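> The following comprises the amino acid sequence and a computationally predicted model.
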Amino acid sequence: MHHFEYRDSVLHCEDISVSDIAERFGTPVYIYSSATLTRHYKVLADAFKDQPCLIAYAMKANSNQAVLATLAALGSGADVVSGGEMKRAMAVGIPANKIVFSGVAKSRTDILDALEAGIHQFNVESLPELHRISELANANGYTADIAFRINPHVEAGGHANISTGGAEHKFGIAWHEGKDFYTLAQSLPGINVCGVDVHIGSQITNLDPLRAAFEKVVGLVRDLREAGVPITRMDLGGGLGIPYRDGDEPATPAEYAAMVREVLGDLDVEVILEPGRMIAGNAGIFVSRVEYIKERDGRRFAILDAGMNDLMRPALYQAVHEMKPVVRSEGRATLDYDIVGPICESTDRFAKNYPAQEMNEGDLVAFMSAGAYGAVMSNQYNTRPMCAEVLVNGDNVALIRTPPTFEEIIASETVPEWLKT
Ligand code: LLP
């Protein structure tokens, strides 16, 4: 469910017309709906309300501070994967004791900052990382609450590039290493062993692989407890998929929660969830304007003012974001288009042979489900400034990321003295 719908043939975000937003803030532009973010958070929180549970929003999906503040106001914590993300989360007032630090390569600075802040938990990815955390905690008078990220060897995920639970993936410690590593961790100074963490991939629409992974983890928690390791938390990672097209029917948060309840049985643990895409994905759209229509070799190209630097998912994962006209015109035909951007790369293509309402220069199009892994993965390739992001709340709209000017981009680089004439 989201709050992007047509009113009088014009796409609206909540109570504001997308055409008006495009006029006012220019294109390309990311548009987020506060009501949708709020709804997604609440539906999930409600599904887990009978279970001690920390929702640590995986802010890698969309870390704009306005998005974070929206979720923080609802009580959300944050799953962070870098020192920068941790600082962002704290800047909007997410309390440190609701922050979980994941990520494969925590630097010494990251670890010290997190210890000093007093975060809820480190999700540890390797033995060297455990030793580093122990050394820094012990030397500075802290105790770090840790979980190991266990790789359950269950493969899942909407695309090979976003699957993480297989043996060849870099993530986590191996399943068979689990018990020994926990015993070792208990003996290290500055370490409080409290959790088991698992995350097998992203855009998982079917509960079976999640269930398989969680069942393995529950078994491990019981074994560890028997061996005297007092596990009190289970971090289930993120991963529940979202509908990208009409007809997609991923498992719902309620079904997910019921499955978790069933798998946990009488196991008394705090559950930690790290949802990213399911909170932000369908709460955002990406809007672009048609620069040119070009017909060549029997193909019809719609060349947009947005490129793979703005929305990388199609180039990186062959993802298809449903594209809608911002203004529906009853009289126009439906034609097949290759939807492409202005960048000098063949992968700068949003869709191939895509049936769309006939387009003309200047028309606006909206890519749906672009709220997660859209703006955060954008870059300035071809010296294309990172585009604006706006947040809508009812009939209010605010600019929440200002694109840099060309002058600012150019001024951020330095030509050494010896090259100046
Ligand atoms: N927790 C961990 C440890 C993760 O690595 C991720 C995502 C999440 C939680 C959140 O997963 P979600 O609930 O969003 O599925 N850029 C890709 C997705 C990469 C996901 C990386 N990890 C895409 O655009 O599809």
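Happy to help now that I have it.
> Apart from its neighbours in sequence, what residue is nearest residue 349?
Nearest non-adjacent residue to residue 349, counting by Cβ to Cβ, 6 or more residues apart in numbering: residue 340, 4.8 Å away. Glycine gets a C-beta too; all of them are placed from N, C-alpha and C.
> Likewise for residue 343?
residue 307 (4.1 Å).
> need the contact list for the one you found.
341, 342, 343, 348, 381, 382, 384 (Cβ atoms under 8 Å, 6 or more residues apart in numbering).
> okay, those in CSV with distance to the ligand next?
Shown next, in CSV, are these (distance: Cβ to the nearest ligand atom, whole Å):
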residue, distance to the ligand
341, 17
342, 22
343, 18
348, 17
381, 17
382, 21
384, 19
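> hmm, back to that, ok, the residue nearest to residue 349 touching residue 347?
No - using Cβ atoms under 8 Å, residue 340 makes no contact with residue 347, being 9.8 Å away.
> quick one: which of those two has more around it?
The residue with more neighbours, out of residue 340 and residue 347, is residue 340; 23 against 13, by other Cβ atoms under 10 Å.
> Any figure for the gap between that one and the ligand?
20 Å (Cβ to the nearest ligand atom, to the nearest Å).
> If that residue is in a bridge, with which residues?
Per DSSP bridges, the residues bridged to residue 340 are residue 303, residue 349.
> try residue 197
Residues in beta-bridge contact with residue 197 (DSSP bridges): residue 149, residue 235.
> where are the low-confidence patches of the chain?
157-159, 162-167 (pLDDT under 70).
> give the contact list for the residue lying closest to residue 39 once chain neighbours are set aside.
Spatial nearest neighbour of residue 39, chain neighbours left out: residue 1 (6.2 Å); criterion: Cβ to Cβ, 6+ apart. Residues in contact with residue 1 (Cβ under 8 Å, 6+ apart) are 36, 39, 282.
> next one: residue 77
54, 55, 56, 57, 94, 95, 98, 99, 100, 120.
> Scan those and report the most crowded one.
Going by other Cβ under 10 Å, residue 57 tops the contacts of residue 77 with 33 neighbours.
> Which strand or helix spans that residue?
strand 53-58 (DSSP states H and E).
> got it, and residue 186?
Here residue 186 is assigned to helix 178-187, by DSSP H and E.
> and that helix, what does it pack onto?
helix 127-140, strand 144-151, strand 191-197, helix 207-226 (3 or more Cβ pairs under 8 Å, 6 or more residues apart in numbering; DSSP states H and E).
> How about the residues of this protein by the ligand?
Within the chain, the positions lying close to the ligand (Cβ under 6 Å from any ligand atom) are 58, 60-61, 79, 102, 162, 199, 202-203, 237-239, 274-278, 313, 317, 372-373.
> Look at the spatially most central residue of the chain and tell me its secondary structure.
When Cα atoms, centre = their mean is applied to the chain, the residue found nearest the centroid is residue 61 (1.8 Å). Three-state assignment for residue 61 (DSSP: H, G, I helix; E, B strand; the rest coil): coil.
> residue contacts, it?
276, 277, 279, 280, 281, 371, 372, 373, 376.
> These in helices, which ones?
Counting by DSSP state H, the contacts of residue 61 place 277, 279, 280 in helices.
> pretty sure the first one contacts residue 372?
The one in question is residue 277. Yes - using Cβ under 8 Å, residue 277 is in contact with residue 372, at 4.2 Å.
> Find the residues that touch each one of these two.
61, 242.
> how many neighbours does the closest residue to residue 333 other than its chain neighbours have?
Beyond its immediate neighbours in the sequence, the residue positioned closest to residue 333 (Cβ to Cβ, 6+ apart) is residue 358, lying 4.9 Å away. Applying other Cβ under 10 Å, we find 16 residues neighbouring residue 358.
> start to end distance for stretch 332-349?
Its start and end residues considered, stretch 332-349 measures 24 Å (Cα to Cα, to the nearest Å).
> next one: it to chain centre, how far?
26 Å (Cα atoms, centre = their mean, to the nearest Å).
> Need the residues that contact it.
With Cβ under 8 Å, 6+ apart, stretch 332-349 has contacts from 291, 299-310, 314-315, 323, 350-359, 365, 381-382, 384.
> Go through it and flag the buried ones.
337, 338, 339, 340, 341, 342, 343, 348, 349 (16 or more other Cβ atoms under 10 Å).
> Mind putting these into a markdown table with distance to residue 87?
Listed next are the buried residues of stretch 332-349 as a markdown table, based on distance: Cβ to Cβ, whole Å:
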| residue | distance to residue 87 |
| --- | --- |
| 337 | 42 |
| 338 | 41 |
| 339 | 37 |
| 340 | 37 |
| 341 | 32 |
| 342 | 34 |
| 343 | 31 |
| 348 | 32 |
| 349 | 36 |
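> coming back round to it: any idea how far the residue nearest to residue 39 lies from the ligand?
From residue 1 to the ligand the distance is 17 Å (Cβ to the nearest ligand atom).
> now the contacts of stretch 332-349: which count as buried?
291, 300, 302-310, 314-315, 323, 350-351, 354, 356-359, 365, 384.
> who's in contact with the closest residue to residue 199 other than its chain neighbours?
In space, and not counting its chain neighbours, residue 199 is closest to residue 237: 2.7 Å by Cβ to Cβ, 6+ apart. By Cβ under 8 Å, 6+ apart, residue 237 lies in contact with 197, 198, 199, 200, 273, 274.
> can we see that at 6 Å?
Contact analysis of residue 237 by Cβ atoms under 6 Å, 6 or more residues apart in numbering lists 198, 199, 274.
> Identify the bridge partners of the residue in the stretch 51-200 of the chain that the ligand sits nearest to.
Relative to the ligand, the nearest point of the stretch 51-200 of the chain is residue 58 (3.5 Å; Cβ to the nearest ligand atom). Note on residue 58: beta-bridge partners by DSSP bridges are residue 79.
> which element is residue 38 on?
Assigned by DSSP H and E, residue 38 falls in helix 34-47.
> Run through who's touching that helix.
By Cβ under 6 Å, 6+ apart, helix 34-47 touches 2, 3, 14, 70, 71, 74, 253, 254, 257, 279, 283, 393.
> and which of the residues you listed is nearest the ligand?
Distances from the ligand to those, taken by Cβ to the nearest ligand atom, are shortest for residue 279, at 7.8 Å.
> Setting the sequence-adjacent residues aside, check what's closest to the closest one.
Counting by Cβ to Cβ, 6+ apart, the residue nearest residue 279 is residue 40, at 4.7 Å.
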